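> Need the 3D shape of this:
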Amino acid sequence: CISINQLRGGRFFVAFNRRFTVFGPLQLPEKTPSHDPVITRFQTLGDHPRNLLSIDSTSVLKFQHDENYFTVHFSCFEFFEKTARFSWRLKGLSDSWSEPSKLAFANFTNVPPGNHTFEVKAMYDDGLENPVTRIYIYIVPPYWDTWWFMLLCLSAIGGLFYAHFRISENQGLRTQHITP
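Modelled structure (predicted):
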């Protein structure tokens, strides 16, 4: 059973389940503080979603080169009737911010290997803009696109040229010994 009574001065007395509270709605702040956006989930193509609420903001998410299709979900935990619009970017792929949208996710396809920083910010109709929330992503390059593999290939090609040169030189010497 709920009981609500208005007191003098505009305050209210609210009783519920043998508990009560007294509050004055005029004393509530005009603008409630907004919450920073939170990255809630990260999902690569064909993978189970990863809950990121417990990830440290300095952690780096590491993925293989074939895990470069992913979706990032984010949210602002607002308990009032505020409508957040989100703008995001993936530094390392694009430095420009997306157009503000009410969609709370971002899809990325065919992201190149390397270091990337996903950033999201929330904006509100009252002009408030929250600080940027970041998560760091590293996509490991395929082995054929690494410096050590290229060095190995160059060494193998150099070795083949050297072997061909030595064999040709030895055949030339044998030809000289055979002819009087």
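
> the helices in the chain, which residues?
147-178 (DSSP state H).

> ranges for the strands of it?
For the chain, the strands defined by DSSP state E occupy 2-6, 12-16, 19-23, 38-44, 50-51, 60-63, 70-75, 85-91, 105-108, 114-123, 133-139.

> strands paired with the third one, and their directions?
Right, strand 19-23. Here strand 19-23 is paired, per DSSP bridges, with strand 12-16 (antiparallel).

> now the partner strand against strand 2-6, angle please.
170 degrees (axes from the mean of the first three to the mean of the last three CA atoms, to 10 degrees).

> For strand 12-16, which outside residues touch it?
1-7, 20-25 (CB atoms under 8 Å, 6 or more residues apart in numbering). Placement of C-beta: from N, CA and C, glycine included.

> Select, out of the strands of the chain, the one closest to residue 162.
The closest of the strands of the chain to residue 162 is strand 114-123. By CB to CB, the value is 34.5 Å.

> could you redo the strands of the chain as CSV and give each row distance to residue 162 and mean neighbour count?
Supplementary listing: the strands of the chain in CSV, determined by distance: least, CB to CB, whole Å; neighbours: other CB atoms under 10 Å:
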stretch, distance to residue 162, mean neighbour count
strand 2-6, 90, 9
strand 12-16, 88, 13
strand 19-23, 87, 10
strand 38-44, 44, 17
strand 50-51, 49, 12
strand 60-63, 39, 16
strand 70-75, 45, 20
strand 85-91, 45, 19
strand 105-108, 45, 16
strand 114-123, 35, 19
strand 133-139, 37, 18
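
> In terms of mean pLDDT, which of the ones you listed ranks lowest?
Mean pLDDT is lowest for strand 50-51 out of the strands of the chain, coming in at a mean of 59.
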